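Chemist: requesting a structural model of the entry that follows:
(one chain, ligands or ions: 2)
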Amino acid sequence: MDVLWGDETLFRNEEVFDPDYQPPAIFHRDSQIRDLAAFLRPAVRGRSPGHALCVGPPSTGKTTVVRHVLEKVSKHDVAVAYLRCPILRTTYNVFARIYEIACERLPPQKGVPLFKLLSEVSASLDGPIVVALDDVDFLDTRVLNETLLTLSKNAEFCVGVIAISTSKQFLARVDPYLGSILHFHEIGFPMYTREEIWRILHWRVVNGFYPGAVTREAFERVVEIVSRSGDVRYGLHLLRSAGIYAERRASRRVELCDVERAREGQESIMLAKSLSALNSDEREALRIIYSLEGDVTTGEVFAIMRSEVGLCYERFYEIVEKLERLRFIDLVFGRKGRGRTRYVIKRLERDAVLRALTS
Ligand SMILES: Nc1ncnc2c1ncn2[C@@H]1O[C@H](COP(=O)(O)OP(=O)(O)O)[C@@H](O)[C@H]1O
Ligand SMILES: [Mg+2]
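Modeler: Ligands and ions are numbered 1, 2, ... in the order given. Okay, here's the model as predicted:
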């Protein structure tokens, strides 16, 4: 049999599956790249750039596009500060990061007033600066407005701000006074279509795996799974994990079974997370529901719960509603004999839930 030996691998370049990998080829985002470049172009000529809001659901290429354009801009006499907002708690944190980038050294110890940091930043800049606030939704509203105010009121700064957000609510968080000075031009990032996802992931397969290492069937399955959620990042994760599973069984090709294993692995992690939100009665109710064959009525589940756990109906009802809220079950009305009956429908795969409950 033709199998992998020793240190042979299916991966030509595993790095292309890293979530932070900056691809040299960005597909289907030409108009966003052009728009953003147009707003920053004045900076390249030493003038004040415009401000932009890049907005769209997760995994639609916002970070990738902004980093790509910033890299081009930084080749000219423009300072570029790319900031990840989730790790910035205070206005001081924001400007300490800008200081670090602009002055190319760590900021002085805490206690240095903000204005001193700022004056050193402006002294070290001899041209415009572009500040990108990635995942700006994570920035506290007060910190956001203080940051924007500080950047815009400082006459020595020639600044362009790029805000990256998953929601247009960003504009509502900006103080109206600031909103009248800083005009954010909106650049939309729509969800990718199935064909677009196919092309983006296909480039990774061609560049990340050796030729012929991924069967067509396996790849199409990944595209199918990803196009349901539009989450390209998840697709990259699935491809890499499937590659690792294939290597583990010494196969020369990533096949459908490897993709299924990678998906199951990922789903069981998500399932474990939801289960951790349940107490012991709720887990017991879930176990009873999932161990009964076919669709059951709430009355049947209650009868078992009452004899096994001794619950009152109100508490039972709360539990069932919680299980529905957490998307473990659906409750639907139907007819059985006389009157209306509530049926409990299992939303998830039976074996996967029972397995997760006993592990
Ligand atoms: N148009 C594209 N071309 C190539 N790769 C892309 C494209 N859009 C997204 N990706 C990849 O998908 C993942 C998610 O993209 P990212 O830019 O982080 O999305 P967002 O910032 O909108 O959440 C990244 O690994 C990125 O490399
Ligand atoms: Mg991002």
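Chemist: use CA for all of it now, contacts and neighbours both
Modeler: Fine.
Chemist: which helix or strand lies directly C-terminal to the regular element (helix or strand) spanning residue 305?
Modeler: In this structure, residue 305 sits in helix 298-309 according to DSSP states H and E. Once the chain leaves helix 298-309, the next helix or strand it forms, by DSSP H and E, is helix 313-325.
Chemist: write out the residues of the protein neighbouring ligand 1.
Modeler: 19-23, 26-29, 58-64, 200, 232-233 (C-alpha under 6 Å from any ligand atom).
Chemist: now list the buried members of those.
Modeler: Buried subset of those (neighbour count, 16 or more other C-alpha atoms under 10 Å): 58, 59, 60, 61, 62, 63, 64, 200, 232, 233.
Chemist: just the ones of those in helices?
Modeler: Among those, DSSP state H puts 62, 63, 64, 200, 232, 233 in helices.
Chemist: now the two most distant members of the residues you listed.
Modeler: Greatest spatial distance in those: 63 and 200, 15.2 Å, computed using C-alpha to C-alpha.
Chemist: how far away from the center of its chain is the worst-scoring helix or strand of the chain on mean pLDDT?
Modeler: Using mean pLDDT, DSSP states H and E, the weakest-scoring helix or strand in the chain turns out to be strand 329-335, at a mean of 76. Its chain's average C-alpha position is 33 Å from that of strand 329-335, according to C-alpha atoms, centre = their mean, to the nearest Å.
Chemist: what sits up against that strand?
Modeler: By C-alpha atoms under 8 Å, 6 or more residues apart in numbering, the residues outside strand 329-335 that reach it are 323, 324, 340, 341, 342, 343, 344, 345, 346, 347, 348.
Chemist: and these, which two are the farthest apart?
Modeler: Largest separation among these by C-alpha to C-alpha: 340 and 348, giving 24.7 Å.
Chemist: please name the nearest non-neighbouring residue to residue 129.
Modeler: With C-alpha to C-alpha, 6 or more residues apart in numbering as the criterion, residue 129 has its nearest non-adjacent residue at 4.5 Å, and that residue is residue 79.
Chemist: and the nearest residue to residue 9 once chain neighbours are set aside, how close does it get to ligand 1?
Modeler: Leaving aside its chain neighbours, residue 9 sits nearest to residue 247 (6.9 Å; criterion: C-alpha to C-alpha, 6+ apart). Separation of residue 247 from ligand 1 (C-alpha to the nearest ligand atom, to the nearest Å) stands at 23 Å.
Chemist: in the stretch 101-250 of the chain, which residue sits nearest ligand 1?
Modeler: Of the residues in the stretch 101-250 of the chain, the one nearest ligand 1 is residue 233, at a distance of 4.4 Å by C-alpha to the nearest ligand atom.
Chemist: show me where pLDDT drops low in the chain?
Modeler: Residues of the chain meeting the criterion pLDDT under 70: 1, 155-156, 334-340.
Chemist: circling back: could you point out which element follows the least confident helix or strand of the chain?
Modeler: strand 340-346.
Chemist: contacting residues around whichever helix or strand comes after that following strand?
Modeler: Per DSSP H and E, the first helix or strand lying C-terminal to strand 340-346 is helix 350-358. For helix 350-358, the external contacting residues (C-alpha under 8 Å, 6+ apart) are 268, 271, 272, 275, 283, 287, 290, 291.
Chemist: can you say which of the residues you listed are buried?
Modeler: For the contacts of helix 350-358, a neighbour count by 16+ other C-alpha under 10 Å gives the buried set as 271, 275, 283, 287, 290.
Chemist: so the last one makes contact with residue 346?
Modeler: Yes. Between residue 290 and residue 346 a contact is recorded at 6.9 Å, counting by C-alpha atoms under 8 Å.
Chemist: the chain: strands as residue ranges?
Modeler: Assigned by DSSP state E, the chain shows strands spanning 51-55, 79-84, 129-134, 159-165, 184-188, 296-297, 329-335, 340-346.
Chemist: residues in contact with stretch 223-230?
Modeler: Under the criterion C-alpha under 8 Å, 6+ apart, residues 59, 191, 192, 193, 194, 197, 198, 201, 232, 234, 235 lie in contact with stretch 223-230.
Chemist: ok, which stretches of the stretch 1-150 of the chain are helices?
Modeler: Counting by DSSP state H, counting those that start in this stretch, the stretch 1-150 of the chain has helices at residues 30-44, 62-73, 91-103, 114-124, 141-153.
Chemist: may I see the buried residues of the last one?
Modeler: Taking 16+ other C-alpha under 10 Å as the neighbour-count basis, helix 141-153 is seen to contain the buried residues 143, 144, 145, 146, 147, 148, 149, 150, 151, 152.
Chemist: what's the answer for the longest one, then?
Modeler: Using 16+ other C-alpha under 10 Å as the test for burial, helix 30-44 gives 32, 33, 36, 37, 39, 40, 41, 43, 44.
Chemist: against which helices or strands is that helix packed?
Modeler: Contact here means 3 or more C-alpha pairs under 8 Å, 6 or more residues apart in numbering; DSSP states H and E; on that basis helix 30-44 packs against strand 51-55, helix 62-73, strand 184-188.
Chemist: please state the offset of the first one from the chain centre?
Modeler: So the one you mean is strand 51-55. Offset of strand 51-55 from its chain centre (C-alpha atoms, centre = their mean): 18 Å.
Chemist: now the last one
Modeler: Computed by C-alpha atoms, centre = their mean, the separation of strand 184-188 from the middle of its chain amounts to 20 Å.
Chemist: now the helices of the stretch 1-150 of the chain in a markdown table, with distance to residue 9?
Modeler: Output for the helices of the stretch 1-150 of the chain, formatted as a markdown table (distance: least, C-alpha to C-alpha, whole Å):
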| stretch | distance to residue 9 |
| --- | --- |
| helix 30-44 | 35 |
| helix 62-73 | 28 |
| helix 91-103 | 39 |
| helix 114-124 | 48 |
| helix 141-153 | 47 |
